[in-house]
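J.: Quick one: sequence and predicted model below, then my questions.
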Amino acid sequence: MREKQVSAAHGAIQMKFNIVNEIKLSYSRKGNCERSISSSMDAVEVFRAHFDAEEMDYRESFFALYLNQANKVLGIKKISECGISSTLVDVRIVMQAALLCNASAIIVAHNHPSGNLKPSSSDIKMTSQIKEAAKILSLTLLDHVILTSDAHFSFADEGMM
């Protein structure tokens, strides 16, 4: 009798270890966006509409814009929002959203509360990391835009892509 109890208890334990969490991913696009991006200025317009204008000079935020093969906007996602002089960007989160919405291209942007448009060494390194990750997934990083409250800097326009 004792062996059966141990065996039954052992079976119950085994079943618990066989349970695997189900992962549910979803992407929702409310309405159809017919917006095409053909220049850094087009991208800046879209980004400015999503950045909090009151916080542009206060804290850094990082967004990713996802495009289809015709450079039509699929969606935009805030990747991070952090401190005054930096923001942490997890490249995996940028790529996860790209895969989820079947993007072909990505444009990223963040703001510099300091008002300085010059890319930092961290900005350049982050751009390189995103570009390499995109390449592995057969995606294209088209641009990285740095915004201030009244101007912008485009890596693509400056030949840095």
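T.: Here it is on my side, so go on.

J.: going forward, measure contacts between C-alpha atoms and count neighbours the same way
T.: Noted.

J.: quick one, helices of the chain?
T.: Using DSSP state H, the helices assigned to the chain run over residues 2-18, 40-50, 91-100, 121-136.

J.: Comparing the ones you listed by mean pLDDT, which bottoms out?
T.: Within the helices of the chain, the stretch with the lowest mean pLDDT is helix 2-18, showing a mean of 53.

J.: Tell me who's in contact with Thr148.
T.: Residues near Thr148 by Cα atoms under 8 Å, 6 or more residues apart in numbering: 56-57, 111-117.

J.: Show the contacting residues for the residue most central in space within the chain.
T.: Geometric centre of the chain, nearest residue: Val94, 2.9 Å, by Cα atoms, centre = their mean. Residues in contact with Val94 (Cα under 8 Å, 6+ apart) are 64, 79, 130.

J.: Ala133 now?
T.: Applying Cα under 8 Å, 6+ apart to Ala133 gives the contacts 91, 95.

J.: same deal with the one 4 residues further on?
T.: Taking Cα under 8 Å, 6+ apart as the criterion, Leu137 is in contact with no other residue.

J.: before we move on, the earlier item: now pLDDT and neighbour count too, for the contacts of Thr148, in JSON lines please.
T.: As requested, these are arranged in JSON lines below (pLDDT from 0 to 100; neighbours: other Cα atoms under 10 Å):
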{"residue": "Met56", "pLDDT": "85", "neighbour count": "21"}
{"residue": "Asp57", "pLDDT": "86", "neighbour count": "17"}
{"residue": "Asn111", "pLDDT": "95", "neighbour count": "30"}
{"residue": "His112", "pLDDT": "95", "neighbour count": "24"}
{"residue": "Pro113", "pLDDT": "93", "neighbour count": "21"}
{"residue": "Ser114", "pLDDT": "91", "neighbour count": "15"}
{"residue": "Gly115", "pLDDT": "93", "neighbour count": "16"}
{"residue": "Asn116", "pLDDT": "94", "neighbour count": "15"}
{"residue": "Leu117", "pLDDT": "96", "neighbour count": "17"}
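
J.: out of the residues you listed, who's nearest Val73?
T.: Using Cα to Cα, Asn111 is the member of those that sits closest to Val73, with 20.5 Å.

J.: What's opposite the closest one in the beta bridge?
T.: Beta-bridge pairing for Asn111 (DSSP bridges): Leu147.

J.: Would you check that it makes contact with Ile146?
T.: Yes - Asn111 lies in contact with Ile146 (Cα atoms under 8 Å); the separation is 5.3 Å.

J.: Looking at the contacts of Val94, state which has the most neighbours.
T.: Each of these was scored by neighbours using other Cα atoms under 10 Å; the highest score is Ala64's, at 23 neighbours.
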